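Engineer: Sequence and computational prediction follow.
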Amino acid sequence: MSKDNMKKFEKYSCQKFSEETYCDFGNAIEERRWYQHDIDQIVYSTYFRKLQRKYQLISEKDPRCRSRMVHTLEVSRIAKEISEKLGLNVELTEGIALAHDIGNTAFGAVSNNILEEKTDGRFQHEDAGYLMLKCICQKEINNKEIENKVVNATKEDRSKVAVIDIDEFYPHRFETYRIGTKKYYTCICGEILDGVRKHGTKYDAYTLEGQVVSFADNISYISQDIGDLISIGLLNDEKLDEFVALRNCELWLDKKIYSWAEINKGSEVDLRHVFSQSSSERIGTLIKRYLDYNQTRTLKKKIHSPFLGEKIPILKMDKGLKIVIDYLWEYTQGFYQENLIKNFNLEVMCRITLLWNILSDPMFQEMNEGYKEFYKRYENPIFKSYFAEKGWEEDSLEKWKRAYFISALSCDEIETIIDMYQQRDYTFQLDL
């Protein structure tokens, strides 16, 4: 790769925002870059800490398998490496990566799927994380001087960032709103909110940093599954030899046969190295192919970024890379039918269904103070604006609220609710 193509995307990055500093409008003046502040708000939040008690493949208690927290840290490392080599804003990339999965439920993808079914497709963990982010950095505006500073500070930057679906939104960094007689502001930046909301969807993020996180999440998830399958013995020596041997075979995908000559056409990066026992070699090859393609291709299709006020390119995978990633996805999914994983998933289905029924019990709803307190959060204008945007009927809205509550729980909290409910104790404490 020529030096001319290194950091080719720097002009489309959010680097210029790194010069801006955040000031806490309380008693102390705090001068840090905005994304540094946002990363702290994410990492110090309860939602982020709960990722260590949410699992990825099987159980968060099994040291052989990754928790959702470990997955998040690995995505962050991969995304930061890609961003640095593309000339993007590494701090913004880190913020999106660290927050991207806070809306995920405790028992992995299978519990997300159950909640989607329970809500007729209305619950999405991306949206859950987006709303959690908007709520973690709320501060009360308790005097007129502070209120004026917030309003004036944002009006200066009115042209930089577009409004993101909130009724009372001061552009750029702050959203202000009222709850009763009190006024609040929240200031997780729109670039991170956008990246989190779109990281697992068909829509491209409005920043290249968000697009990078989406790719990093994809390849990290697949490689981690392979690593965990090796750790728990489902990918044993015999099957692992067969996996490694695929670098010498043609790949079958969607009833089509792809040769390695076809997969590697037009690139110096040989994707056969993806079929390796080494996670470093797998990830390194996928990253290198992604970088090689995007740094050498002609930029054609672009989308308008409201954050930068101009069109930005869409980062893509070449055909061969997409074939290999889709193949790996189907390959790992095949192991989900093995008894070890299948039994775990059946147990998860039972636990989530039981939890859903508990939360539907009027007695629990009436007597558990933690649940009632959490439910009051839906009066927040952040939620009201979201609900207005969706226009759901009351029954659908109640199902979504129940699903969102579940997504905020760790494995331990779910077990506590189930155990105490079965003991006919409706008044136990929930620290939410």
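Structural biologist: Received, thanks.

Engineer: what helix or strand is the residue nearest to residue 390 when sequence neighbours are not counted on?
Structural biologist: If the residues on either side of it in the chain are set aside, residue 390 comes closest to residue 122, at 7.4 Å by C-beta to C-beta, 6 or more residues apart in numbering. Yep, even glycine has a C-beta here, placed from its N, CA and C like the rest. Under DSSP states H and E, no helix or strand contains residue 122.

Engineer: Check the one 5 residues further on too.
Structural biologist: In this structure, residue 127 sits in helix 125-136 according to DSSP H and E.

Engineer: Now do the buried residues in that helix.
Structural biologist: 125, 126, 127, 128, 129, 130, 131, 132, 133, 134, 136 (16 or more other C-beta atoms under 10 Å).

Engineer: How about stretch 83-98?
Structural biologist: The neighbour-count check on stretch 83-98 (16+ other C-beta under 10 Å) flags 83, 85-98 as buried.

Engineer: Repeat that for stretch 36-52.
Structural biologist: Buried-residue list, stretch 36-52, by 16+ other C-beta under 10 Å: 37, 38, 39, 41, 42, 45, 47, 48, 50, 51.

Engineer: which other residues reach it?
Structural biologist: Contact with stretch 36-52 is made by 22, 30, 60, 67-69, 72, 91, 94-95, 98-99, 101-102, 104, 132-133, 136-137, 187-189, 192, 408-410, 432, as judged by C-beta atoms under 8 Å, 6 or more residues apart in numbering.

Engineer: In CSV, could you pull the C-alpha coordinates for it?
Structural biologist: Only the C-alpha atoms of stretch 36-52 are listed here, as CSV (Å, rounded to 0.1, in the frame of the first residue of the first chain):
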residue,chain,number,x,y,z
GLN,A,36,-12.7,12.1,26.8
HIS,A,37,-15.6,13.3,28.9
ASP,A,38,-18.1,11.1,27.1
ILE,A,39,-15.9,8.0,27.5
ASP,A,40,-15.8,8.6,31.2
GLN,A,41,-19.6,9.0,31.4
ILE,A,42,-19.9,5.7,29.7
VAL,A,43,-17.3,3.7,31.6
TYR,A,44,-18.4,5.1,35.0
SER,A,45,-22.0,4.1,34.4
THR,A,46,-23.9,1.2,36.0
TYR,A,47,-25.0,0.0,32.5
PHE,A,48,-21.3,-0.4,31.4
ARG,A,49,-20.3,-2.2,34.6
LYS,A,50,-23.2,-4.7,34.1
LEU,A,51,-21.5,-5.9,30.9
GLN,A,52,-19.2,-8.1,33.1
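
Engineer: going forward can the numbers begin at 19, since that is how I track them
Structural biologist: From this message on, residue numbering opens at 19, which makes the last subject stretch 54-70.

Engineer: for it, the distance to its chain's centre please.
Structural biologist: Stretch 54-70 sits 13 Å away from the centroid of its parent chain (C-alpha atoms, centre = their mean, to the nearest Å).

Engineer: same question, stretch 194-206
Structural biologist: Computed by C-alpha atoms, centre = their mean, the chain-centroid distance of stretch 194-206 equals 25 Å.

Engineer: Now that stretch: average pLDDT?
Structural biologist: For stretch 194-206, the mean per-residue pLDDT is 78.

Engineer: got it, and stretch 318-331?
Structural biologist: 90.

Engineer: Which positions within that stretch qualify as buried?
Structural biologist: 323, 324, 325, 326, 330, 331.

Engineer: Max pairwise distance over those residues: which two?
Structural biologist: Spanning the widest gap among these are 324 and 331, at 15.7 Å by C-beta to C-beta.

Engineer: Okay, now the unreliable bits of the stretch 219-368 of the chain?
Structural biologist: Regions of the stretch 219-368 of the chain meeting the criterion pLDDT under 70 are absent.

Engineer: the strands in it, which residues?
Structural biologist: In the stretch 219-368 of the chain, the strands defined using DSSP state E, counting those that start in this stretch lie at 269-271, 274-276, 320-323, 328-331.

Engineer: Residue 30 is nearest to which of those?
Structural biologist: Residue 30 lies closest, by C-beta to C-beta, to one member of these: strand 328-331, at 4.5 Å.

Engineer: Give me the contact list for that closest one.
Structural biologist: So strand 328-331 is in contact with 27, 30, 224, 225, 226, 317, 319, 320, 321, 322, 323, going by C-beta under 8 Å, 6+ apart.

Engineer: try 10 Å
Structural biologist: Identification of contacts with strand 328-331 by C-beta atoms under 10 Å, 6 or more residues apart in numbering yields 26-27, 29-32, 222-226, 229, 312, 315-323.

Engineer: Could you do stretch 260-273 as well?
Structural biologist: By C-beta under 10 Å, 6+ apart, the list of residues contacting stretch 260-273 from outside reads 244, 247-248, 253, 274-281, 288-296, 340-342, 344-349.

Engineer: Recalculate using a threshold of 6 Å.
Structural biologist: 275, 276, 277, 290, 293, 344, 345 (C-beta atoms under 6 Å, 6 or more residues apart in numbering).

Engineer: ok, for the fourth one, nearest residue in space, not its chain neighbours?
Structural biologist: Excluding its sequence neighbours, the residue lying closest to residue 290 (C-beta to C-beta, 6+ apart) is residue 265, at 3.7 Å.

Engineer: Count residues in the vicinity of the one you found, would you?
Structural biologist: 14 (other C-beta atoms under 10 Å).

Engineer: re the thing from before, so which of the buried residues of helix 143-154 sits lowest on pLDDT?
Structural biologist: Scanning those for pLDDT, the low point is residue 154. It has 85.

Engineer: how close does the residue nearest to that one when sequence neighbours are not counted sit to residue 57?
Structural biologist: Distances taken as C-beta to C-beta, 6+ apart put residue 63 closest to residue 154, at 4.4 Å, once the chain neighbours are dropped. Residue 63 sits 11 Å away from residue 57, taking C-beta to C-beta, to the nearest Å as the criterion.

Engineer: check which helix or strand covers residue 106.
Structural biologist: Assigned by DSSP H and E, residue 106 belongs to no helix or strand.

Engineer: ok, now how distant is the closest residue to it other than its chain neighbours from residue 225?
Structural biologist: Of all residues not flanking residue 106 in the chain, residue 31 sits nearest, at 4.3 Å (C-beta to C-beta, 6+ apart). For residue 31, the distance to residue 225 equals 8 Å [C-beta to C-beta].
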